[in-house]
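Trainee: here is my input; please provide its structure:
(chains A and B)
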Amino acid sequence: MSASLEFRQVSKWYRQVSALIEVSAAIGPGVTGLVGQNGAGKTTLLKLAAGLLRPSLGEVRVCGESPRAPAARRRLGFCPDIDRFYEGLSGRTFVTWMLRLQGYSRASAGRTASAMLQQLGLAHAMDRKIAGYSLGMRQRVNLAQALAHEPEVVVLDEPLTGLDPVARHDIGELVRELGRRGVVVVVSSHVLHELEHVADHFVLMHQGRVTAEGNLRQLREQLADRPREVMVRGPDARGLASRLSQIEQVERIEIGATGITIAVRGAGVFEQLTAIGAEPGDLVHEIRVLDDSLEAVFGYLVS
Amino acid sequence: MLRWFAQTLEAARQAAVLLCRTRIFWLLLAACAGAAVFFAMVASRAAPHVTGDEFFGAVTYMVFFQFGLPFAVLYFGVTAVHTEIGDRTATYLFVRQVRRSSLLVGKWLAIVVLGSALAAAAMSALYLAMTLPDLAWNRGLAPRAAPLGSFVVAGCLAVPAYGAVGVCFGSFFRRPLIAGVAFVICWEFMASHAPPQAGIRGMTVADPIRRWLLVALQPQGELRDILQRDLDPSWLVRGQLADPVSSLLSFTAVMMLLALAVYTHREYDSRPRE
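Mentor: The predicted structure follows:
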């Protein structure tokens, strides 16, 4: 059975509160970003994947197995969004203990834990107590316990929150590397622009439902009814605005300090903009799509 | 099955190490030594007719079995199970390839081992303090070794039962320490005063332990009065009360089964939902 994570019509209620409503998604190898506001149901979905919660309706499958089955546990690594550990233990002891519970022998668990912590840049601090670790170091230990047993499905709940830029970059690189190796990685995050660089597939959630799914281009295409915002910059703003107003698909033109923002709808706009750039008179220096970012797409979908 | 045992032992080892690293464990050890010295000094002022066995037995039963041991073991149970659930570190364990039953039984085993060791240490400390001949407070009140042995065995019978109550309350209640205090102070006191027909004496730890000690020690004088309070000896003769060891085993088994049912099935999600 190839590595996969599947949600089939999953609903989850906490008494009268619906946390998830008929969520279906099939996630394969690579990095998938789980995007949503607070309370959208991201953490509930990830806890279901980790077998910490049971769905009220529907089913969850990790590599074809129930997430509570021992076989699925062996293939799953979970990095929870918590900042608590056994504070009196060292990073190495903590990861070693987790591996021992995973079935590793004493010697093998120690070796694997050390190697994992070294890989995550904690070689110098692995024998210090976790209580003295910085936030970045704690997040690395959290990742180490999730990845040390080489799982095929990795679920990371907000792994980038609160980290400094260097730590974000390092962890982002690690996640991308896992994706390249064919591991199923699901990452939830509020830091959308970071997630955009890490993930190649996205699941957008809002109020307990999956509102959209796909890569950025596919997501943007789901918003075909919305005009796209494009920034055009050139030395003669008035002349450029006049020329842009002749394009049929342009709905709105705003001249700002940094350039001209136009709202366009329909096909063939970019060809026309490129053609204007090629015209004599040096009208266009730069054409930039403003709302192709994950943040913009998510904002549209939620609004 | 072999894997289950191996994982249970590993969970027990980890829980024991964590419990040994708590400040309260070392405070309790220190308190045992302090209490031993204190009560040995009190013994030197005891009335002349009081024997060493009586004094040792009365202090061990009233201070240790009625308060020290239940609260210490319940605290261990709650710490081992509930603290992890409360601060969500249990999440790291629940996503492992290990059954929750292994985790819980492992924690209980750790409590049994550490609790029994602590109980034996506390009673031995008192015994030593009362028997060391060169100490100023020892005035011929040295107890015999036999009562010490009986009390240590009684402690080793009580610890698994209180440990089971601790892990059960720790996995079930949001405020397990309050429930534990209520169990020891209210429930055990009330049930120990109930007639045997009520059938609730077996739902305690204190009552079977007291009955076991009565048989094992065959006490005289004040110690007999203390152990026989609210207990008609004819009930024992007529077999109206179950065998104490069977009572304790049944009680421990029921508590552990309840704890396992809750711990293995409950979704411990500490986030409030509105």
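Trainee: what residues sit buried inside stretch B:78-85?
Mentor: Buried residues in stretch B:78-85, counted by 16 or more other C-beta atoms under 10 Å in any protein chain shown: B:78-82, B:84-85. Bear in mind the C-beta positions are built from the backbone N, C-alpha and C, glycine included.
Trainee: how about that stretch, does it reach chain A?
Mentor: No - Stretch B:78-85 is not in contact with chain A by C-beta under 8 Å from any C-beta of the partner chain; minimum separation 8.7 Å.
Trainee: helix/strand/coil for residue A:82?
Mentor: Reduced to three states with DSSP: H, G, I helix; E, B strand; the rest coil, the structure at residue A:82 is coil.
Trainee: quick check: it vs chain B, distance?
Mentor: Per C-beta to the nearest C-beta, to the nearest Å, residue A:82 is found 5 Å from chain B.
Trainee: okay, now that residue: neighbour count?
Mentor: 16 (other C-beta atoms under 10 Å in any protein chain shown).
Trainee: and what of residue A:238?
Mentor: The number of residues packed near residue A:238 is 9, by other C-beta under 10 Å.
Trainee: cool, and residue A:106?
Mentor: Neighbour tally, residue A:106, other C-beta under 10 Å: 11.
Trainee: now it. Nearest residue, chain neighbours left out?
Mentor: In space, residue A:106 comes closest to residue A:100 once its chain neighbours are excluded; the distance is 6.9 Å by C-beta to C-beta, 6 or more residues apart in numbering or on different chains.
Trainee: and the host helix or strand of that neighbour, what does it pack onto?
Mentor: If you go by DSSP states H and E, residue A:100 is part of helix A:91-101. Applying 3 or more C-beta pairs under 8 Å, 6 or more residues apart in numbering or on different chains; DSSP states H and E, we find helix A:91-101 packed against helix A:106-119, helix A:135-147, helix B:2-20.
Trainee: can you put those helices in CSV and add distance to residue A:284 and mean pLDDT?
Mentor: Formatted as CSV, those follow (distance: least, C-beta to C-beta, whole Å; pLDDT from 0 to 100):
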stretch, distance to residue A:284, mean pLDDT
helix A:106-119, 47, 94
helix A:135-147, 43, 92
helix B:2-20, 66, 93
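Trainee: which parts of chain A sit against chain B?
Mentor: Checking chain A against chain B by C-beta under 8 Å from any C-beta, the hits are A:14-15, A:17, A:19, A:47, A:50-54, A:70, A:73-74, A:76-78, A:80, A:82, A:84-86, A:88, A:97-98, A:100-103, A:145.
Trainee: PyMOL command to pick out the buried ones of these?
Mentor: Per 16+ other C-beta under 10 Å, the buried members of those correspond to this PyMOL selection:
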select buried, chain A and resi 14+19+47+50+51+52+53+73+74+76+77+78+80+82+84+85+86+97+98+100+101+102+103+145
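Trainee: what about the nearest residue to residue A:29 once chain neighbours are set aside, neighbour count?
Mentor: Nearest residue to residue A:29, sequence neighbours excluded (C-beta to C-beta, 6+ apart): residue A:182, at 4.5 Å. Other residues within reach of residue A:182, judged by other C-beta under 10 Å, total 13.
Trainee: mind picking out the helix or strand in chain B with the poorest mean pLDDT?
Mentor: The element with the least model confidence among the helices and strands of chain B, by mean pLDDT, DSSP states H and E, is helix B:233-237, at a mean of 64.
Trainee: what mean pLDDT does the very next helix or strand once past that one have?
Mentor: Next helix or strand after helix B:233-237 toward the C-terminus (DSSP H and E): helix B:244-265. Helix B:244-265 shows a mean pLDDT of 93 in the predicted model.
Trainee: does helix B:244-265 come close to chain A?
Mentor: No - shown here: helix B:244-265 not in contact with chain A (C-beta under 8 Å from any C-beta), separated by at least 9.0 Å.
Trainee: show me which positions of that helix end up buried.
Mentor: B:244, B:247-248, B:250-252, B:255-256, B:258-260, B:262-263.
Trainee: the residue nearest to residue A:29 contacts residue A:31, doesn't it?
Mentor: No - at 11.0 Å, residue A:182 does not count as touching residue A:31 under the criterion of C-beta atoms under 8 Å.
Trainee: ok, the residue in the stretch 101-250 of chain B that chain A sits nearest to - how many residues close by?
Mentor: Chain A sits closest to residue B:103 of the stretch 101-250 of chain B, with a gap of 8.1 Å, by C-beta to the nearest C-beta. As a burial measure, residue B:103 scores 27 neighbours (other C-beta under 10 Å).
Trainee: also the one 3 residues further on?
Mentor: A total of 23 residues lie near residue B:106 under the criterion other C-beta under 10 Å.
Trainee: try the one 4 residues further on
Mentor: When neighbours are counted by other C-beta under 10 Å, residue B:110 registers 24.
Trainee: elements contacting the host helix or strand of residue A:193?
Mentor: Taking DSSP H and E as the definition, one finds residue A:193 inside helix A:192-198. Where contact means 3+ C-beta pairs under 8 Å, 6+ apart, helix A:192-198 is packed against strand A:30-36, helix A:165-180, helix A:294-302.
Trainee: again, only this time at 6 Å
Mentor: helix A:165-180, helix A:294-302 (3 or more C-beta pairs under 6 Å, 6 or more residues apart in numbering or on different chains; DSSP states H and E).
Trainee: only the buried residues of that helix, if you could.
Mentor: Within helix A:192-198, the residues that count as buried by 16+ other C-beta under 10 Å are A:192, A:194-198.
Trainee: and the helices in the stretch 151-300 of chain A, which stretches?
Mentor: Using DSSP state H, counting those that start in this stretch, the helices of the stretch 151-300 of chain A run over A:165-180, A:192-198, A:216-221, A:237-244, A:269-278, A:294-302.
Trainee: sorry, back to before: how about the residue of the stretch 101-250 of chain B closest to chain A: what's its closest non-neighbour residue?
Mentor: Once flanking residues are discounted, residue B:103 sits nearest to residue B:11: 4.9 Å by C-beta to C-beta, 6+ apart.
Trainee: tell me how far that neighbour lies from residue B:81.
Mentor: For residue B:11, the distance to residue B:81 equals 11 Å [C-beta to C-beta, to the nearest Å].
Trainee: repeat that for residue B:112.
Mentor: 14 Å.
Trainee: you'd agree the residue nearest to residue A:106 is up against residue B:10?
Mentor: Yes - the pair residue A:100 / residue B:10 is scored as a contact, 5.2 Å apart, by C-beta atoms under 6 Å.
Trainee: how many residues are close by residue 184?
Mentor: All of this refers to chain A. Residue A:184: 26 surrounding residues under other C-beta under 10 Å.
Trainee: if you could check chain B rather than the one you did, that'd help
Mentor: Per other C-beta under 10 Å, the neighbour tally for residue B:184 reads 20.
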